[in-house]
Structures are given as structure tokens and as C-alpha cells.
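# A structural model of the following input is requested.
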Amino acid sequence: MRVLGRLDAYQRRHRWAGLPLAVVYKFVDDQGAYLTALITYYGFVSLFPLLLLLVSGLGFALQDDPGLQQRVLDSALAQFPVIGDQIGTNIHSFHGSVLALATGILGSLYGGLGVVQATQNALNKMWGVPRNSRPNPVAARLRSLALLIVGGGTILATTLLSAVTTTGGILGAGARVVAIVVAIAVNVVLFTVAFRVLTAGRLTLAQVRAGAIAAALTWQILQWVGAFLLGHMLKGATATYGMFGIVLGLLAWIYLGALTFVVGAEINVVRDQRLWPRSLLTPFTDNVELTAGDRRAYTSYAETERHKGFQNVDVDFDPPPGRPD
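Next comes the predicted model:
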């Protein structure tokens, strides 16, 4: 207990230790793993029709330039480990198909709206927005549709830029560095817009800047790792592990992207609402002296569940068991 007490005192005094711990505790308190899993589900549902839409659309738009079409496909599909390679190999089977195009549009719309709706719910929960202050179902979906249109194009652009940075011999080192910087900058803008637009309530740039930068850098690293695995370690994975391995790998890939977004948002909330330092033993026992950060966090959790504007939520804290008033 003495060792734990010293560790607790140390992390409370030092921001570099206390802030990350508070982010982890906030993630656990918000059931961040479940929020991430919901985003992952809709991302998985939308990915296959989205790739189908991409391939079919290119079949119409670039039917007179097969070489350019193949280069664009190679760049985009390379960002989706294993499954992108599968689609690229079988592109001729739905090349320029009207049915494939229609299926891709409907499937992408359903899955994409689900992703944005799940993201809205996650952000509102993390920021402690009461239920009665959140947009109604119609307004929420209109907001989701607007961001889906803008965000989808931006993600496609950064994906292509990332593919350029991992392709040797096409561009010089200087051009690849510029592409990396541009991709990260665009991702920072995209995360910033998502954090602000999808949260019910007005957030300033300063409130979301740190999380957006952290998420953009992490996402860029994930794309590099994914491209490396595809090019050096996952060759032949489809033949070795079959569809089971493909699905699990793709789910893990999407989950990491969703996790990057959720953790970036948690960083913003913890910094802005001063939800640190937290007591080291808070998640494990009631016999603990709550910090000011603990009290603010637990108060916000209760207020988040307010369903009506005329409903009042008051939060009081009794002394820990065995401790005097």
C-alpha cells in the first residue's frame, strides 16, 4: 500500500503521468471499448459497398484510361490490408456494373450514416451532453449526412496521399515528405471538424486541437504500418488463412481507426474539463479519497443521463467507508 500511495502521489503531481492515466480512466468509465466496437461494426458494414462503389465508379469515369484507373485502384485499395488486394484481383467481375454501383451507393449510405450516428453518440457521451440537449433523430441524421459527404471525400484524398508516401520509385523523397505533411494536415482538419460538428454543443478550436493532432498522427502511423504489412507480411494471407483471417484482420484494422478517434476525443474532454489528476485506486475500490478530477468526472456521468429539461440531477459524495466525515 505504501508503494501504491507513492505512485498515486507521484502521478498527481506530474502532468505527464496523471493526464494519460486520467484519459485511460475516462475511457473505461465511458465504456469506450463498446463505443469503439459500435463504430467498428458500422465501419465494417460500409466498407465493402464503399470499395465496390469505388471500383464501379472508376469503371465508368475512367473507362477510356485503364492505366490511370489501375493506378488509382492500387493506391486506394492498398490502404485496406488483404481485402483490398482481393477486390483488386477480381476487379473485372464487376467492372462498370450499374447494379454494383447502385448496391455500393445504398450500402455505403446505410453504413456511413451508421458510423456517423455512432460517432455522434460516442462524442456526446464523452463530453457529458445530457440526453435532452442532443439533436432529435431527424436533425442528427441530417448532420450525419452532411459530414459524411465532406468527410468521405477527405478520407479518400488522404488515403491516396498516404499510398503515395509508401510507394517507392514513383516520386522523389522530397515529394513524398510533402505528401506526408499534407496528409497529416488534412487529417488534423478532418478530426477537428468531426470533433466539433458531431458534438451537441459549441466547442472551440482550442478545446479539440490537441486530440485532433494526436489522432491525425496516430492514424498516419497506422496507415504506414498497414501498408507495410500488406507489402511485406500479409502476402498470401488469403490463401493461408482464408476468409476467416481476412474478416478478423479487417475488423482489427477498422477497430484501430475507431479507437484512435475515441481516444483523441477523450484527450480533449479530460484536458478541457480538468478531469485529472484521478485517484490511482478509484476504479478498484470505494475506500479511496476522491480527487477534484474524480468528483467532476462522476458528476458529469450522472448529469449525462438527464432526459428532460425540467429534470434536476444533484450529485453528493459521502465520505469513503471507514473514514470520518
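# T299: neighbour count?
By the criterion of other C-beta atoms under 10 Å, T299 has 16 neighbours. Quick note: C-beta positions are derived from backbone N, CA and C, even for glycine.
# list the contacts for D314?
Taking C-beta atoms under 8 Å, 6 or more residues apart in numbering, we find D314 in contact with no residue.
# how about it, secondary structure?
For D314, the assignment made with DSSP: H, G, I helix; E, B strand; the rest coil gives coil.
# Which strand or helix spans A214?
For A214, the element it lies in under DSSP states H and E is helix 205-228.
# Show me what that helix is packed against.
helix 137-165, helix 173-197, helix 237-272 (3 or more C-beta pairs under 8 Å, 6 or more residues apart in numbering; DSSP states H and E).
# Next, the angle helix 173-197 makes with it.
130 degrees (axes from the mean of the first three to the mean of the last three C-alpha atoms, to 10 degrees).
# can you pull the buried residues of helix 205-228?
Going by neighbour count (16 or more other C-beta atoms under 10 Å), the buried part of helix 205-228 is 207-209, 211-216, 218-220, 222-223, 226-227.
# Least confident of those residues?
Ranked by pLDDT, those bottom out at A227, which scores 61.
# Please list all residues in contact with I39.
Counting by C-beta under 8 Å, 6+ apart, I39 makes contact with V115, A118, T119, A122, A258, F261, V262.
# correct me, but the fifth one touches Y41?
Read that as A258. No - counting by C-beta atoms under 8 Å, Y41 is not a contact partner of A258; they are 9.4 Å apart.
# out of those two, which sits in the more crowded spot?
Regarding A258 and Y41, a neighbour count based on other C-beta under 10 Å identifies A258 as having more, with 23 against 18.
# and the gap between the more buried one and N124?
16 Å (C-beta to C-beta, to the nearest Å).
# where along the stretch 1-150 of the chain do the helices fall?
For the stretch 1-150 of the chain, the helices defined by DSSP state H, counting those that start in this stretch occupy 2-13, 15-29, 32-61, 66-77, 83-89, 98-126, 137-165.
# Export stretch 215-227 to CSV, keeping only CA atoms.
Extracted in CSV, the C-alpha atoms of stretch 215-227 (Å, rounded to 0.1, in the frame of the first residue of the first chain):
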residue,chain,number,x,y,z
ALA,A,215,-5.4,11.3,-33.7
ALA,A,216,-4.1,12.5,-37.0
LEU,A,217,-0.5,11.5,-36.2
THR,A,218,-1.7,8.1,-34.9
TRP,A,219,-3.8,7.5,-37.9
GLN,A,220,-0.9,8.3,-40.3
ILE,A,221,1.3,5.8,-38.4
LEU,A,222,-1.4,3.2,-38.6
GLN,A,223,-1.7,3.7,-42.4
TRP,A,224,2.1,3.2,-42.7
VAL,A,225,2.0,0.1,-40.7
GLY,A,226,-0.9,-1.3,-42.7
ALA,A,227,0.8,-0.6,-46.0
